[in-house]
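>>> Kindly generate the corresponding structure for this input.
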Amino acid sequence: MTVPTSQSSGTSTAVRTAIDVRGLRKSYGDQVVLDGIDLSVPEGQVFALLGPNGAGKTTAVRVLSTLTSPDDGEIHVAGYDVRREALAVRSVIGVTGQFSAVDNYLSAEENLLLMADLWHLPRREGRERAAELLGLFDLADTGRKPVFAFSGGMQRRLDLAMTLVGRPRIIFLDEPTTGLDPRGRVGMWDLIRNLVRTEATTILLTTQYLEEADQLADQVAVLDGGKIVALGTAEELKRRVPGGHLVLNFTSRTAFEAAAARFDGATRNDEDLTLQVPNDTSARSVLEVLNRIDVDEVPHISLHTPDLNDVFLALTGQQRKASS
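Numbers count the residues shown, from 1 in each chain. Modelled structure (predicted):
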């Protein structure tokens, strides 16, 4: 069961919502952790929940996965109410937490078969699913070795594989690459992309790694102080914050001085004859800058657009407190 949220006129294809949250609130004593957040995650997308430590990301996942009761709000996962239909929610979701939940003294295959038993899969189907996942996660050659001999990256891959045994429609990944080295992180990203492509899975990802959200997410929500402070695609969020500029490298000081006089707010480097000009880096804006300088004296220009790090610092409390 899913909730149709919109339908294009003239077609029979509805855009369906996998996760729908309205006014979610959660407090622990006097501490407000989630303060009326709204989320809508379409099926088949990766949705990233980004925020600093203590922003409420893990609490949001615990509420959505029925592990914690909300204080208030309307929360539906795959069309089911998380309070009234918790068992139905659990039947269609998978959860991978920040730390590996595998049994280190069993092999990868045994861990997967144990999970298949918990899902009440017939023995033959369970073995077939375990073999399929061992291959998908590049664990087939080590499937019979005890997990304590695995690297951190292999354990995280197995943890995610176990989440998939029951073929969940929605997966919550809470800091899935915590503790992984750069190679292991990139490998996990590839697996997550493959899941969305081949398993038609919806993924809600919480992360502190800005590049991770940029690489994977169709949409990004920035959570800070229990509130959603920004929501959109990574590119949309980058355009919301200042910091875009052009760097112009001049061959002559005369051209450099003439250009510096034309652009208010430009940052100059007299030693390298470079000029940093604030700009939103759109094609029109770049052309306007180039039309105001002698381009024959500028052999090289570079464009800088804000990244999610700029978004994070501009929109979260750490930056606001630092500037207050």
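>>> which residues of the protein score low on pLDDT?
Applying pLDDT under 70 to the chain picks out residues 1-15, 98-100, 143, 317-324.
>>> now the helices: where do they sit in it?
For the chain, applying DSSP state H gives helices covering 57-64, 86-90, 108-118, 123-136, 152-163, 182-199, 210-216, 234-239, 253-262, 283-290, 308-315, 317-323.
>>> what's the fifth one in contact with?
Applying C-beta atoms under 8 Å, 6 or more residues apart in numbering, the contact partners of helix 152-163 are 94-96, 100-102, 108, 111-112, 115, 133-134, 136-139, 142, 147, 150, 171, 173, 176-177, 179-181, 183-184, 187-188, 191. Just so you know, the C-beta spots here come from the backbone N, C-alpha and C atoms, and that holds for glycine as well.
>>> how far out from the middle of the chain is that helix?
18 Å (C-alpha atoms, centre = their mean, to the nearest Å).
>>> just to revisit the earlier point, tell me which of the helices of the chain lies nearest to Gln276.
Of all the helices of the chain, the one in closest proximity to Gln276, counting by C-beta to C-beta, is helix 253-262 (10.4 Å).
>>> quick one: stretch 173-185 to chain centroid distance?
Taking mean C-alpha positions (C-alpha atoms, centre = their mean), stretch 173-185 and its chain are 12 Å apart.
>>> With stretch 92-107 instead?
The answer for stretch 92-107 is 20 Å, by C-alpha atoms, centre = their mean.
>>> Please spell out which residues along it are buried.
Of the residues in stretch 92-107, those with enough neighbours to count as buried (16 or more other C-beta atoms under 10 Å) are 92-97, 100, 102, 107.
>>> cool, and stretch 243-257?
Result for stretch 243-257 [16+ other C-beta under 10 Å]: buried residues 243-250, 255-256.
>>> Of those, which is the nearest to Tyr28?
Among the buried residues of stretch 243-257, and counting by C-beta to C-beta, the member closest to Tyr28 is Gly243, at 35.9 Å.
>>> gap between that closest one and Glu288?
19 Å (C-beta to C-beta, to the nearest Å).
>>> Equivalent analysis for Asp190, please.
40 Å.
>>> for Ala230, same thing?
Shown here: Ala230 relative to Glu288, a distance of 28 Å by C-beta to C-beta.
>>> So for these two, which sits in the more crowded spot?
Ala230 (19 against 11; other C-beta atoms under 10 Å).
>>> what's the closest non-adjacent residue to the more buried one?
Using C-beta to C-beta, 6 or more residues apart in numbering and skipping the chain neighbours, the partner closest in space to Ala230 is Val222 (4.2 Å).
>>> ok, the one you found touching Ala234?
No. When contacts are counted by C-beta atoms under 8 Å, Val222 is not listed as touching Ala234 (10.8 Å).
>>> neighbour count winner among those two?
The residue with more neighbours, out of Val222 and Ala234, is Val222; 25 against 21, by other C-beta under 10 Å.
>>> measure Ala283 to Leu303 for me?
Distance from Ala283 to Leu303, by C-beta to C-beta: 10 Å.
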